[in-house]
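Trainee: need a structure here:
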Amino acid sequence: MINIVKKIITLTSIIAVILFSAGLRNANAVIIDQVIAVVNKTPITLYEFAKFNRQAFEDYEQMQNEASRGIFTQSDSATMSKTKDVLNLLADNILIKQEEEKAAIYISPKQLNAYIKAVALANNFTVSQFFNFLAKKGIGKEAYIKQVKSHFSEVELLRKVYGNKMVITKRQLVDYYKKNIEEFRGEPKVDLKLIFLAVPSNANKKLREEIYKRISKIRETAIAGNKSFSALARKYSEDPSEKNGGRIGYIYKNKLFPNFSDTAFKLHVGEVSGVIRTKFGYAVLKSVGKKMGSFKTFKQARPEIFSILEKYKTNKYLEKILKKARKNSYVKILIAA
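Mentor: Modelled structure (predicted):
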(Lines give C-alpha, C1' and ligand atoms only; values in the text may rest on other atoms or scores of the structure.)
Protein backbone atom coordinates (compact mmCIF):
# COMPACT_ATOMS: atom_id res chain seq x y z
CA MET A 1 0.00 0.00 0.00
CA ILE A 2 1.27 3.51 -0.75
CA ASN A 3 2.69 5.31 2.25
CA ILE A 4 -0.31 7.61 2.37
CA VAL A 5 0.93 9.59 5.36
CA LYS A 6 4.01 10.85 3.51
CA LYS A 7 2.38 11.50 0.16
CA ILE A 8 1.72 15.20 -0.39
CA ILE A 9 -0.98 16.37 -2.77
CA THR A 10 -1.58 19.99 -3.71
CA LEU A 11 -4.99 21.62 -3.29
CA THR A 12 -5.31 21.68 -7.07
CA SER A 13 -5.03 17.90 -7.31
CA ILE A 14 -7.31 17.53 -4.29
CA ILE A 15 -10.03 19.39 -6.13
CA ALA A 16 -9.25 17.68 -9.42
CA VAL A 17 -9.88 14.23 -7.92
CA ILE A 18 -13.53 15.14 -7.33
CA LEU A 19 -15.20 14.17 -10.58
CA PHE A 20 -18.81 14.64 -9.56
CA SER A 21 -20.71 16.12 -6.61
CA ALA A 22 -23.70 13.89 -5.94
CA GLY A 23 -27.20 15.27 -6.16
CA LEU A 24 -29.28 16.46 -9.06
CA ARG A 25 -29.88 20.18 -9.14
CA ASN A 26 -33.36 19.92 -10.52
CA ALA A 27 -35.25 18.85 -7.41
CA ASN A 28 -38.53 18.77 -9.31
CA ALA A 29 -37.34 16.29 -11.92
CA VAL A 30 -39.00 12.89 -11.82
CA ILE A 31 -36.93 10.07 -13.28
CA ILE A 32 -38.85 6.94 -14.15
CA ASP A 33 -36.18 4.33 -13.41
CA GLN A 34 -35.36 2.13 -16.34
CA VAL A 35 -32.47 -0.26 -16.95
CA ILE A 36 -30.48 1.17 -19.86
CA ALA A 37 -27.30 -0.93 -19.63
CA VAL A 38 -26.03 -4.09 -17.98
CA VAL A 39 -22.53 -4.92 -16.77
CA ASN A 40 -22.41 -8.65 -16.02
CA LYS A 41 -25.25 -8.92 -13.48
CA THR A 42 -25.19 -5.24 -12.51
CA PRO A 43 -27.87 -3.01 -14.10
CA ILE A 44 -27.34 0.67 -14.92
CA THR A 45 -30.51 2.71 -14.59
CA LEU A 46 -31.56 6.11 -15.85
CA TYR A 47 -31.22 7.43 -12.31
CA GLU A 48 -27.61 6.23 -12.07
CA PHE A 49 -26.90 7.75 -15.49
CA ALA A 50 -28.33 11.08 -14.27
CA LYS A 51 -26.21 10.97 -11.10
CA PHE A 52 -23.06 10.15 -13.07
CA ASN A 53 -23.38 12.87 -15.71
CA ARG A 54 -26.29 15.26 -15.27
CA GLN A 55 -25.69 17.24 -18.48
CA ALA A 56 -25.48 14.13 -20.66
CA PHE A 57 -28.67 12.80 -19.07
CA GLU A 58 -30.55 16.07 -19.66
CA ASP A 59 -29.41 16.17 -23.31
CA TYR A 60 -30.59 12.58 -23.80
CA GLU A 61 -33.89 13.28 -22.00
CA GLN A 62 -34.54 16.33 -24.17
CA MET A 63 -33.82 14.33 -27.33
CA GLN A 64 -36.25 11.61 -26.21
CA ASN A 65 -38.97 14.14 -25.36
CA GLU A 66 -38.61 15.80 -28.75
CA ALA A 67 -38.63 12.43 -30.53
CA SER A 68 -41.88 11.50 -28.78
CA ARG A 69 -43.43 14.60 -30.41
CA GLY A 70 -42.01 13.72 -33.81
CA ILE A 71 -39.19 16.28 -33.63
CA PHE A 72 -35.82 15.12 -34.96
CA THR A 73 -32.72 17.33 -35.34
CA GLN A 74 -29.21 17.06 -36.78
CA SER A 75 -27.77 17.00 -33.25
CA ASP A 76 -29.59 13.76 -32.33
CA SER A 77 -26.77 11.59 -33.66
CA ALA A 78 -24.16 13.47 -31.61
CA THR A 79 -26.36 13.30 -28.49
CA MET A 80 -26.80 9.56 -28.92
CA SER A 81 -23.09 9.06 -29.43
CA LYS A 82 -22.29 11.08 -26.32
CA THR A 83 -24.89 9.13 -24.32
CA LYS A 84 -23.30 5.83 -25.27
CA ASP A 85 -19.82 7.17 -24.49
CA VAL A 86 -20.94 8.21 -21.01
CA LEU A 87 -22.67 4.87 -20.40
CA ASN A 88 -19.54 3.01 -21.49
CA LEU A 89 -17.48 5.12 -19.10
CA LEU A 90 -19.93 4.29 -16.32
CA ALA A 91 -19.69 0.62 -17.31
CA ASP A 92 -15.88 0.84 -17.09
CA ASN A 93 -16.17 2.19 -13.55
CA ILE A 94 -18.40 -0.72 -12.60
CA LEU A 95 -15.98 -3.21 -14.18
CA ILE A 96 -13.11 -1.76 -12.14
CA LYS A 97 -15.18 -2.04 -8.96
CA GLN A 98 -15.96 -5.65 -9.81
CA GLU A 99 -12.26 -6.36 -10.35
CA GLU A 100 -11.50 -4.78 -6.97
CA GLU A 101 -14.08 -7.04 -5.34
CA LYS A 102 -12.53 -10.10 -6.98
CA ALA A 103 -9.10 -9.04 -5.70
CA ALA A 104 -10.52 -8.41 -2.20
CA ILE A 105 -9.19 -4.85 -2.14
CA TYR A 106 -9.87 -3.12 1.16
CA ILE A 107 -9.01 0.44 2.21
CA SER A 108 -9.49 0.87 5.94
CA PRO A 109 -10.97 3.97 7.58
CA LYS A 110 -7.67 4.30 9.48
CA GLN A 111 -5.74 4.58 6.21
CA LEU A 112 -8.18 7.15 4.82
CA ASN A 113 -8.10 9.23 8.01
CA ALA A 114 -4.30 9.21 8.03
CA TYR A 115 -4.21 10.34 4.42
CA ILE A 116 -6.76 13.12 4.95
CA LYS A 117 -4.88 14.35 8.02
CA ALA A 118 -1.61 14.40 6.05
CA VAL A 119 -3.19 16.38 3.20
CA ALA A 120 -4.75 18.86 5.64
CA LEU A 121 -1.45 19.39 7.50
CA ALA A 122 0.48 19.76 4.23
CA ASN A 123 -1.79 22.69 3.37
CA ASN A 124 -1.72 24.24 6.86
CA PHE A 125 -5.24 23.14 7.79
CA THR A 126 -6.70 21.14 10.59
CA VAL A 127 -8.94 18.35 9.31
CA SER A 128 -12.09 20.33 10.10
CA GLN A 129 -10.67 23.46 8.42
CA PHE A 130 -9.77 21.35 5.39
CA PHE A 131 -13.31 20.05 5.00
CA ASN A 132 -14.66 23.60 5.45
CA PHE A 133 -12.34 24.71 2.65
CA LEU A 134 -13.64 21.93 0.38
CA ALA A 135 -17.23 22.80 1.28
CA LYS A 136 -16.65 26.37 0.07
CA LYS A 137 -15.48 24.88 -3.23
CA GLY A 138 -18.71 22.90 -3.47
CA ILE A 139 -17.10 19.59 -2.51
CA GLY A 140 -18.90 17.64 0.22
CA LYS A 141 -17.04 15.63 2.84
CA GLU A 142 -18.63 12.31 1.88
CA ALA A 143 -18.01 12.91 -1.84
CA TYR A 144 -14.34 13.70 -1.17
CA ILE A 145 -13.81 10.63 1.00
CA LYS A 146 -15.59 8.43 -1.55
CA GLN A 147 -13.41 9.63 -4.42
CA VAL A 148 -10.19 9.35 -2.40
CA LYS A 149 -11.14 5.80 -1.41
CA SER A 150 -11.92 4.99 -5.04
CA HIS A 151 -8.52 6.33 -6.11
CA PHE A 152 -6.60 4.30 -3.54
CA SER A 153 -8.63 1.19 -4.35
CA GLU A 154 -7.65 1.52 -8.01
CA VAL A 155 -3.98 2.01 -7.14
CA GLU A 156 -4.03 -0.97 -4.76
CA LEU A 157 -5.67 -3.13 -7.44
CA LEU A 158 -2.98 -2.16 -9.94
CA ARG A 159 -0.23 -2.90 -7.43
CA LYS A 160 -1.75 -6.28 -6.73
CA VAL A 161 -2.05 -7.18 -10.44
CA TYR A 162 1.11 -5.56 -11.83
CA GLY A 163 3.38 -5.49 -8.77
CA ASN A 164 6.74 -3.80 -9.39
CA LYS A 165 5.54 -2.27 -12.65
CA MET A 166 3.58 0.22 -10.55
CA VAL A 167 6.59 1.19 -8.42
CA ILE A 168 7.94 4.67 -9.12
CA THR A 169 11.69 4.70 -8.51
CA LYS A 170 13.93 7.64 -7.71
CA ARG A 171 15.71 7.08 -11.04
CA GLN A 172 12.40 7.49 -12.91
CA LEU A 173 11.67 10.68 -10.97
CA VAL A 174 15.13 12.12 -11.70
CA ASP A 175 14.99 11.13 -15.38
CA TYR A 176 11.61 12.83 -15.80
CA TYR A 177 12.94 15.96 -14.08
CA LYS A 178 15.99 16.16 -16.37
CA LYS A 179 14.08 15.47 -19.59
CA ASN A 180 11.25 17.90 -18.78
CA ILE A 181 13.12 20.60 -16.87
CA GLU A 182 11.22 23.42 -18.62
CA GLU A 183 8.00 22.25 -16.94
CA PHE A 184 9.50 23.28 -13.63
CA ARG A 185 10.62 26.78 -14.53
CA GLY A 186 8.89 29.53 -12.57
CA GLU A 187 6.90 32.21 -14.36
CA PRO A 188 8.84 35.05 -15.99
CA LYS A 189 8.06 38.62 -14.96
CA VAL A 190 8.66 42.09 -16.36
CA ASP A 191 9.46 45.41 -14.72
CA LEU A 192 7.21 48.09 -16.17
CA LYS A 193 6.55 51.80 -16.22
CA LEU A 194 3.14 53.14 -17.22
CA ILE A 195 1.58 56.31 -18.57
CA PHE A 196 -2.21 56.24 -18.47
CA LEU A 197 -4.86 58.70 -19.60
CA ALA A 198 -8.41 57.98 -18.52
CA VAL A 199 -11.39 58.20 -20.87
CA PRO A 200 -14.74 59.06 -19.22
CA SER A 201 -17.34 56.31 -19.65
CA ASN A 202 -19.73 58.79 -21.28
CA ALA A 203 -17.08 60.26 -23.61
CA ASN A 204 -18.14 60.89 -27.19
CA LYS A 205 -16.06 60.00 -30.23
CA LYS A 206 -14.48 63.46 -30.45
CA LEU A 207 -13.25 63.39 -26.84
CA ARG A 208 -11.86 59.89 -27.27
CA GLU A 209 -9.92 61.02 -30.33
CA GLU A 210 -8.53 64.03 -28.45
CA ILE A 211 -7.30 61.87 -25.57
CA TYR A 212 -5.80 59.39 -28.02
CA LYS A 213 -3.90 62.20 -29.79
CA ARG A 214 -2.61 63.48 -26.42
CA ILE A 215 -1.18 60.14 -25.36
CA SER A 216 0.25 59.54 -28.83
CA LYS A 217 2.22 62.81 -28.57
CA ILE A 218 3.39 61.86 -25.07
CA ARG A 219 4.59 58.53 -26.45
CA GLU A 220 6.45 60.23 -29.32
CA THR A 221 8.21 62.49 -26.81
CA ALA A 222 9.22 59.48 -24.74
CA ILE A 223 10.64 57.68 -27.79
CA ALA A 224 12.50 60.80 -28.95
CA GLY A 225 14.18 61.01 -25.56
CA ASN A 226 13.52 64.72 -25.11
CA LYS A 227 12.11 63.91 -21.67
CA SER A 228 12.44 60.77 -19.63
CA PHE A 229 9.54 58.36 -19.43
CA SER A 230 9.47 58.89 -15.66
CA ALA A 231 9.21 62.67 -16.02
CA LEU A 232 6.39 62.31 -18.54
CA ALA A 233 4.57 59.89 -16.24
CA ARG A 234 4.82 62.29 -13.30
CA LYS A 235 3.49 65.13 -15.44
CA TYR A 236 0.74 63.45 -17.44
CA SER A 237 -0.18 60.00 -16.13
CA GLU A 238 -3.51 59.61 -14.34
CA ASP A 239 -2.54 56.34 -12.69
CA PRO A 240 -1.41 56.25 -9.01
CA SER A 241 1.99 55.03 -10.21
CA GLU A 242 2.72 58.55 -11.50
CA LYS A 243 4.15 59.35 -8.05
CA ASN A 244 6.87 56.78 -8.75
CA GLY A 245 7.56 58.01 -12.25
CA GLY A 246 5.09 55.48 -13.64
CA ARG A 247 6.96 52.54 -12.11
CA ILE A 248 4.62 49.65 -11.34
CA GLY A 249 7.42 47.14 -10.69
CA TYR A 250 7.82 43.49 -11.57
CA ILE A 251 4.58 41.85 -12.71
CA TYR A 252 3.71 38.25 -13.60
CA LYS A 253 1.88 37.72 -16.89
CA ASN A 254 -1.33 36.44 -15.31
CA LYS A 255 -1.59 39.58 -13.18
CA LEU A 256 -2.13 41.80 -16.22
CA PHE A 257 -5.07 42.24 -18.55
CA PRO A 258 -4.54 40.10 -21.68
CA ASN A 259 -3.85 43.03 -24.03
CA PHE A 260 -1.36 44.44 -21.49
CA SER A 261 0.46 41.14 -20.94
CA ASP A 262 0.64 40.34 -24.66
CA THR A 263 2.35 43.68 -25.25
CA ALA A 264 4.46 43.84 -22.08
CA PHE A 265 6.12 40.45 -22.54
CA LYS A 266 7.05 41.20 -26.17
CA LEU A 267 8.87 44.43 -25.32
CA HIS A 268 12.65 44.50 -25.17
CA VAL A 269 14.13 46.16 -22.09
CA GLY A 270 14.12 49.91 -22.71
CA GLU A 271 11.45 49.69 -25.43
CA VAL A 272 8.25 51.77 -25.33
CA SER A 273 4.99 50.17 -26.43
CA GLY A 274 2.41 51.49 -28.82
CA VAL A 275 -0.78 53.01 -27.43
CA ILE A 276 -2.85 50.35 -25.72
CA ARG A 277 -6.60 50.81 -25.61
CA THR A 278 -8.26 49.63 -22.41
CA LYS A 279 -11.76 49.64 -20.99
CA PHE A 280 -10.90 52.73 -18.95
CA GLY A 281 -8.62 54.69 -21.23
CA TYR A 282 -5.30 54.64 -23.11
CA ALA A 283 -1.94 53.43 -21.86
CA VAL A 284 1.70 53.32 -22.88
CA LEU A 285 4.18 50.89 -21.29
CA LYS A 286 7.94 50.86 -21.04
CA SER A 287 9.90 47.73 -20.16
CA VAL A 288 12.72 48.49 -17.72
CA GLY A 289 13.61 44.92 -16.73
CA LYS A 290 12.93 41.21 -17.23
CA LYS A 291 13.45 38.17 -15.06
CA MET A 292 13.14 34.62 -16.28
CA GLY A 293 11.52 32.28 -13.81
CA SER A 294 13.95 30.24 -11.73
CA PHE A 295 13.78 26.45 -11.88
CA LYS A 296 12.33 24.41 -9.05
CA THR A 297 14.87 22.10 -7.47
CA PHE A 298 14.33 18.36 -7.84
CA LYS A 299 13.30 18.25 -4.18
CA GLN A 300 10.67 20.94 -4.77
CA ALA A 301 9.39 19.31 -7.97
CA ARG A 302 9.44 15.72 -6.66
CA PRO A 303 5.80 15.57 -5.35
CA GLU A 304 4.53 16.97 -8.66
CA ILE A 305 6.61 14.52 -10.70
CA PHE A 306 5.42 11.64 -8.55
CA SER A 307 1.78 12.61 -9.23
CA ILE A 308 2.47 12.87 -12.99
CA LEU A 309 4.12 9.46 -13.19
CA GLU A 310 1.54 7.84 -10.92
CA LYS A 311 -1.27 9.17 -13.12
CA TYR A 312 0.49 7.93 -16.27
CA LYS A 313 1.06 4.45 -14.86
CA THR A 314 -2.46 4.29 -13.40
CA ASN A 315 -4.08 5.19 -16.72
CA LYS A 316 -1.82 2.83 -18.69
CA TYR A 317 -2.46 -0.23 -16.56
CA LEU A 318 -6.13 0.51 -15.89
CA GLU A 319 -6.65 0.41 -19.66
CA LYS A 320 -5.07 -3.05 -19.70
CA ILE A 321 -7.29 -4.29 -16.87
CA LEU A 322 -10.37 -2.85 -18.56
CA LYS A 323 -9.48 -4.40 -21.91
CA LYS A 324 -9.18 -7.83 -20.30
CA ALA A 325 -12.32 -7.31 -18.16
CA ARG A 326 -14.36 -6.24 -21.18
CA LYS A 327 -13.24 -9.35 -23.04
CA ASN A 328 -14.37 -11.62 -20.20
CA SER A 329 -17.56 -9.74 -19.25
CA TYR A 330 -21.06 -9.12 -20.52
CA VAL A 331 -21.53 -5.41 -21.22
CA LYS A 332 -24.68 -4.37 -23.06
CA ILE A 333 -25.98 -0.85 -23.79
CA LEU A 334 -29.76 -1.27 -24.08
CA ILE A 335 -30.83 2.15 -25.39
CA ALA A 336 -31.50 2.30 -29.12
CA ALA A 337 -31.07 5.17 -31.56
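
Trainee: and the longest helix anywhere in the chain, what's buried?
Mentor: Taking DSSP state H as the criterion, the chain has its longest helix at helix 298-327. Neighbour counts over helix 298-327 (16 or more other C-beta atoms under 10 Å) mark 298, 301-310, 313-314, 317-318, 321-322, 325 as buried. C-betas here are computed from N, CA, C, even on glycine.

Trainee: could you give the angle of the helix or strand hosting residue 121 to helix 298-327?
Mentor: Secondary structure assignment for residue 121, by DSSP states H and E: helix 109-122. Note on geometry: by axes from the mean of the first three to the mean of the last three C-alpha atoms, to 10 degrees, helix 109-122 and helix 298-327 are set 140 degrees apart in direction.

Trainee: neighbours around residue 151, how many?
Mentor: Residue 151: 15 surrounding residues under other C-beta atoms under 10 Å.

Trainee: residue 116 is in contact with residue 130, correct?
Mentor: Yes - the criterion here is C-beta atoms under 8 Å, and residue 130 meets it with residue 116 at 7.2 Å.

Trainee: which one's more surrounded, these two?
Mentor: Taking other C-beta under 10 Å, residue 130 and residue 116 do not tie; residue 130 has more neighbours (22 against 19).

Trainee: the stretch 1-150 of the chain: helices as residue ranges?
Mentor: Ranges of helices within the stretch 1-150 of the chain are 11-16, 46-52, 54-68, 76-102, 109-122, 127-136, 141-162, based on DSSP state H, counting those that start in this stretch.

Trainee: now this protein, which segments are flagged as low pLDDT?
Mentor: Flagging of the chain using pLDDT under 70 yields the residue ranges 1-32, 336-337.

Trainee: per-domain residue ranges of it.
Mentor: 11-179+298-333, 189-291 (automatic domain parsing).

Trainee: for the shortest one, measure first residue to last.
Mentor: Between the start and the finish of domain 189-291 there is a gap of 5 Å, counting by C-alpha to C-alpha, to the nearest Å.

Trainee: what about the residue lying farthest from the centre of the chain, which SS state?
Mentor: No residue in the chain sits farther from the centre than residue 226, which is 48.3 Å out by C-alpha atoms, centre = their mean. Using DSSP: H, G, I helix; E, B strand; the rest coil, the structure places residue 226 in coil.

Trainee: tell me the spacing between it and residue 217.
Mentor: 11 Å (C-beta to C-beta, to the nearest Å).

Trainee: before we move on, what about residue 186?
Mentor: Relative to residue 217, and taking C-beta to C-beta, residue 186 is found at 39 Å.

Trainee: and for residue 92?
Mentor: The gap separating residue 92 from residue 217 is 65 Å, by C-beta to C-beta.
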